[in-house]
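A.B. asks: Below is the structure, and that's it, no one-letter string:
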């Protein structure tokens with residue numbers, strides 16, 4: 001049987017029942033700073049959207065880009 005690219009690159013398999021499952025893992029997630037506008041948006045959340053801000057703090061996760069850049073349904077719009 002011909003080797004596949006995964007095996008040629010040194011990939012390993014583990015047996016689960018009757019199946020061979022490739023042993024793969026995701027790389028560690030890098031932390032990225034949110035920048036000036038992200039900080040300003042967090043300040044906005046802290047001041048005007050306290051529930052959302054508290055939810056971000058208690059969920060033990062960092063805000064994602066859509067969270068920081070997306071408009072909120074109840075956010076006032078500029079004129």
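C.D. replies: Thanks, I have it. Please read all numbers here as calculations on a predicted model, not as lab measurements.
A.B. asks: Next, the buried residues of the longest helix along the chain.
C.D. replies: When the chain is parsed with DSSP state H, its longest helix is helix 35-48. Using 16 or more other Cβ atoms under 10 Å as the test for burial, helix 35-48 gives 38, 41, 42, 45. (C-beta placed from N, C-alpha, C; glycine too.)
A.B. asks: Make CSV from the residues you listed and add distance to residue 15 and pLDDT to it.
C.D. replies: Shown next, in CSV, are those (distance: Cβ to Cβ, whole Å; pLDDT from 0 to 100):
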residue, distance to residue 15, pLDDT
38, 46, 84
41, 49, 88
42, 47, 86
45, 49, 89
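A.B. asks: who does the longest helix of the chain touch, helix- and strand-wise?
C.D. replies: helix 50-58, helix 65-69 (3 or more Cβ pairs under 8 Å, 6 or more residues apart in numbering; DSSP states H and E).
A.B. asks: And the first one, what's buried?
C.D. replies: In this case it means helix 50-58. 53, 56.
A.B. asks: hang on, the earlier thing: with distance to residue 23 added, can I get the buried residues of helix 35-48 in JSON lines?
C.D. replies: Listed next are these as JSON lines, based on distance: Cβ to Cβ, whole Å:
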{"residue": "38", "distance to residue 23": "36"}
{"residue": "41", "distance to residue 23": "40"}
{"residue": "42", "distance to residue 23": "39"}
{"residue": "45", "distance to residue 23": "41"}
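A.B. asks: Residue 21: which of those residues is nearest?
C.D. replies: residue 38 (38.8 Å; Cβ to Cβ).
A.B. asks: Quickly note the distance from that closest one to residue 24.
C.D. replies: 32 Å (Cβ to Cβ, to the nearest Å).
A.B. asks: now do residue 32
C.D. replies: 24 Å.
A.B. asks: And residue 47, how close does it get to residue 33?
C.D. replies: Residue 47 is 21 Å from residue 33, by Cβ to Cβ.
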